[in-house]
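Trainee: Predicted model, plus sequence, below.
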Amino acid sequence: MKELIIAVTVLLAIFGASVYTNKNIKEGSRTLVNKLEVLKEDISKDDASKSAKEIYKEWEKISKNWSVMILHNELDLIETSLIRMKSSISSSELQRATEEIDVAIFLLGHIVEKERLSIKNIF
């Protein structure tokens, strides 16, 4: 009977940690994607560079939490895309900046989908 209680407790802990992780990733991703989409619409405005820097600061906060849960090479891809976006905006290459915003949005969505608790991701 003890073994059963221990097994159930471990399974509940794993499930709880998975739900927490999934919620954390989903919220962080949603925040960044929303900000990126607003920036994409307003990319030709004068304050686009400021917005890009704010998004990158937000990313730095989120990536600290995510680094425990997600492979670093995936986080590096997002960070690289955001750095390219900032650089493109500051050098007025708006087409390239828009492309990098789209890449970042895709990568954030991919991480949410990949980390989601589902049968497909378990097996």
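Mentor: Ah, there it is. Residues are numbered from 1 along each chain as shown.

Trainee: Helices along the protein, start to end?
Mentor: 2-41, 48-66, 72-90, 94-115, 119-122 (DSSP state H).

Trainee: any chance of these in JSON lines, with mean pLDDT too?
Mentor: Putting the helices of the chain into JSON lines (pLDDT from 0 to 100) gives the following:
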{"stretch": "helix 2-41", "mean pLDDT": "92"}
{"stretch": "helix 48-66", "mean pLDDT": "93"}
{"stretch": "helix 72-90", "mean pLDDT": "94"}
{"stretch": "helix 94-115", "mean pLDDT": "93"}
{"stretch": "helix 119-122", "mean pLDDT": "63"}
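
Trainee: Redo the ones you listed as a markdown table? Include mean neighbour count.
Mentor: All C-beta atoms are positioned from the backbone trio N, CA, C, and that covers glycine. Output for these, formatted as a markdown table (neighbours: other Cβ atoms under 10 Å):
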| stretch | mean neighbour count |
| --- | --- |
| helix 2-41 | 13 |
| helix 48-66 | 16 |
| helix 72-90 | 17 |
| helix 94-115 | 17 |
| helix 119-122 | 8 |
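
Trainee: So Ile62 is in contact with Val33, correct?
Mentor: No: with contact defined as Cβ atoms under 8 Å, Ile62 does not reach Val33; the gap is 11.4 Å.
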